[in-house]
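Asker: Starting from these lines, generate the structure:
(one chain, ligands or ions: 3)
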Amino acid sequence: MRDTKTRLGPNDVCWCGSGRKYKKCHMAADSHATPALEPEPKKSNAIRLDETERNAMRRACGVNAELMDYLRDFIQPGITTKRIDELVADWTHSRGHICATLGYRKSYPAHCCTSPNDVVCHGVPGSYVLRDGDIINVDLTTIVDGWHGDQSETFLVGKVSDEALRLVQCSFDSMWAAIDAIRPFSKVIEIGQAIKRHAGQYDFSVVEDYQGHGIGRQFHQRPHIPHFPDRFHGQQILEPGVCFTIEPMINLGTKRTRVDRKDGWTVYTADGKLSAQFEHTILMTEHGPEVLTQTKRGPRKGHRFTNA
Ligand code: MF3
Ligand code: CO
Ligand code: CO
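Answerer: Ligands and ions are numbered 1, 2, ... in the order given. Sure, this is the predicted structure:
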């Protein structure tokens with residue numbers, strides 16, 4: 001996820017998710033790129049992939065989706081988030097691939113992100129033991145032959161509250177509403193508008209501090225993909241060949257977030273209430289959006305989440 005603030009001060013946390021101050025991270029690079037406070041040009045300056053490159057992304061995302069399917073049976077009461085991380089590392093390394101998060105921005109310490117309950121995103125795996133009634137987002141990013149696949153799912157652990165169930169359903173359906181809303185040459189803002197239309201039917205909030213992103217040879221690249229109707233980044237056009245993520249985070253209470261002071265990564269809701277998220281990597285083709293990270297065993301469009 002990338003930070004959406006357009007007016008980052010030098011001492012704000014960088015948009016890239018590194019947890020570092022903007023001045024120590026992307027401030028210099030950004031000043032060479034788009035001039036501050038000007039909307040991005042309407043003509044896309046995003047990377048467009050040719051057919052060979054699209055196939056490379058299809059492969060990377062397919063591997064990432066397979067890993068998600070491998071993990072799903074392990075997401076049960078009693079497992080630690082650290083153990084989930086070990087499973088991710090072993091599965092990936094034994095196939096000769098790379099976990100993109102390890103060492104990301106020279107500091108992320110794990111092979112995936114595990115974000116239970118009031119963790120919005122970037123949860124660092126550790127000693128936390130999953131309990132009956134938890135919800136937990138697992139976010140996986142695998143590098144296959146130099147290309148990145150990125151996706152996440154929120155899992156229900158045992159029997160969860162009705163409120164949690166509704167929140168998870170809302171975040172899943174919001175992601176799909178956005179996917180369904182876009183066509184070749186759609187504007188990025190249509191993603192945020194679709195999410196607002198859908199999530200707006202609930203009494204929940206949409207996180208603005210972190211957003212989707214272009215993806216390919218780099219983990220995070222242009223375009224920015226805000227999950228709210230952002231006039232600033234929303235003018236970008238989704239031309240065929242552009243690859244990006246849609247990953248809305250929906251909160252039960254406030255949309256505001258805070259970063260853990262100790263690990264510098266874990267993002268919590270400011271009010272300690274639940275947060276849920278789903279993420280797919282999407283390729284815009286000449287015919288419409290292609291979801292590259294669809295799993296075989298996981299929820300598909302239209303899925304209804306229930307207590308088993
Ligand atoms: N996978 C996250 C995303 O969807 C980014 C995680 S970066 C990390 O963009 F360093 F926190 F792992
Ligand atoms: Co992402
Ligand atoms: Co991700």
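Asker: Assign M175 to helix, strand or coil.
Answerer: Classification of M175 by DSSP: H, G, I helix; E, B strand; the rest coil places it in helix.
Asker: who's in contact with it?
Answerer: Applying C-beta atoms under 8 Å, 6 or more residues apart in numbering, one finds that M175 lies in contact with 195, 246-248, 278-280. Backbone N, C-alpha and C define where each C-beta goes, glycine included.
Asker: contacts with ligand 2 among those residues, please.
Answerer: When the contacts of M175 are checked against ligand 2 using C-beta under 5 Å from the ion, none falls in range.
Asker: can I get those residues in a markdown table with neighbour count?
Answerer: Written out in a markdown table, the entries for the contacts of M175 read as follows (neighbours: other C-beta atoms under 10 Å):
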| residue | neighbour count |
| --- | --- |
| I195 | 26 |
| I246 | 27 |
| E247 | 27 |
| P248 | 32 |
| F278 | 24 |
| E279 | 25 |
| H280 | 25 |
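Asker: can you list the weak-confidence ranges in the stretch 1-150 of the chain?
Answerer: Filtered on pLDDT under 70, the stretch 1-150 of the chain yields the residue ranges 1-8, 13-19, 26, 29-43.
Asker: in it, what residue is nearest ligand 2?
Answerer: Closest approach of the stretch 1-150 of the chain to ligand 2 (C-beta to the ion) occurs at D150, with a separation of 4.2 Å.
Asker: That residue - nearest residue in space that isn't next to it in sequence?
Answerer: Closest residue to D150 apart from its sequence neighbours, by C-beta to C-beta, 6 or more residues apart in numbering: T141 at 4.5 Å.
Asker: ok but the one you found is inside a strand, no?
Answerer: Yes - when the secondary structure is assigned by three-state DSSP, T141 falls within a strand.
Asker: any idea how far F219 is from it?
Answerer: T141 sits 6 Å away from F219, taking C-beta to C-beta, to the nearest Å as the criterion.
Asker: Need the overlap of contacts for these two.
Answerer: Counting by C-beta under 8 Å, 6+ apart, the residues touching both T141 and F219 are 100, 148, 150.
Asker: and the residues you listed as a markdown table, adding neighbour count and secondary structure?
Answerer: What follows is these, written out as a markdown table (neighbours: other C-beta atoms under 10 Å; DSSP: H, G, I helix; E, B strand; the rest coil):
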| residue | neighbour count | secondary structure |
| --- | --- | --- |
| A100 | 24 | coil |
| H148 | 24 | strand |
| D150 | 28 | strand |
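Asker: Nearest the middle, which residue of the chain would you pick?
Answerer: Using C-alpha atoms, centre = their mean, the residue of the chain that lies closest to the mean C-alpha position is E247, 4.1 Å off.
Asker: Pull up the gap between that residue and D50, please.
Answerer: Relative to D50, E247 is positioned 25 Å away (criterion: C-beta to C-beta).
Asker: mind listing the helices for the stretch 151-300 of the chain?
Answerer: If you assign secondary structure with DSSP state H, counting those that start in this stretch, the helices in the stretch 151-300 of the chain sit at 162-181, 189-199.
Asker: To P289, which of those helices lies closest?
Answerer: Judged by C-beta to C-beta, the one of the helices of the stretch 151-300 of the chain that comes nearest to P289 is helix 162-181, at 5.5 Å.
Asker: Please find the angle between the direction vectors of that closest one and helix 189-199.
Answerer: Regarding helix 162-181 and helix 189-199, their directions subtend 150 degrees when assessed with axes from the mean of the first three to the mean of the last three C-alpha atoms, to 10 degrees.
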